[in-house]
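Asker: When you get a sec, could you give me coordinates for this:
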Amino acid sequence: MKNVFFKDYVQITLPNNLTDDFEHLIGAFNEPLEENFGVRICYDQEENVFSGFALLNQGETNNFILKAFKDGVADALQAGYQAEFHEHMHYYKQGYDFGISQYSELKKLEGDYE
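Answerer: Residues are numbered from 1 along each chain as shown. Just a heads-up that it's a prediction; the model follows:
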């Protein structure tokens, strides 16, 4: 199956108290989708707004998640700032946060940071 992307303008805004429930619902859908069809539902998340919905081939899913995460780590460690936009911002931010935490730990080890 090839990847299927929905229109960029398709988005859902949820009250903050429902975002975890929505993520759990998508996770529940993904289990049988992955097991039976090798695809999963993916999306971007910015606070309580979900967008960029797509059905992705399981192999492709791991590639774009890893790339976005690595982009975030690289920006944190090399550029020193977070990009305002990334195609997969949710995973990019996770990588950026990880990169910043690793930078802080490194500085603590070097004795340059408290």
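Asker: what's the distance between the residue most central in space within the chain and residue 70?
Answerer: Among the residues of the chain, the one closest to the centroid is residue 91, at 2.2 Å (C-alpha atoms, centre = their mean). Residue 91 sits 9 Å away from residue 70, going by C-beta to C-beta, to the nearest Å. To be clear about C-beta, it is placed using only N, CA and C from the backbone, and glycine gets the same treatment.
Asker: got the contact list for stretch 16-29?
Answerer: 12, 14, 41, 43, 45, 47, 48, 50 (C-beta atoms under 8 Å, 6 or more residues apart in numbering).
Asker: burial measure for the closest residue to residue 99 other than its chain neighbours, as a count.
Answerer: Excluding the flanking residues, the one nearest residue 99 by C-beta to C-beta, 6 or more residues apart in numbering is residue 76, at 2.7 Å. Here the number of neighbours of residue 76 (other C-beta atoms under 10 Å) works out to 21.
Asker: Can you tell me the SS state at residue 76?
Answerer: What DSSP: H, G, I helix; E, B strand; the rest coil gives for residue 76 is helix.
Asker: what's near enough to touch it?
Answerer: Contacts of residue 76 (C-beta under 8 Å, 6+ apart): 82, 95, 96, 97, 98, 99, 100, 102, 103.
Asker: looking at this, residue 97 is in a helix?
Answerer: Yes - secondary structure assignment (three-state DSSP) places residue 97 inside a helix.
Asker: so residue 95 touches residue 68, yeah?
Answerer: Yes - Residue 95 is within contact range of residue 68, at 6.6 Å (criterion: C-beta atoms under 8 Å).
Asker: that older thread, make a ChimeraX selection of the buried ones in the contacts of stretch 16-29.
Answerer: Only the buried members of the contacts of stretch 16-29 enter the following ChimeraX selection, criterion being 16 or more other C-beta atoms under 10 Å:
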select :41,43,45,50
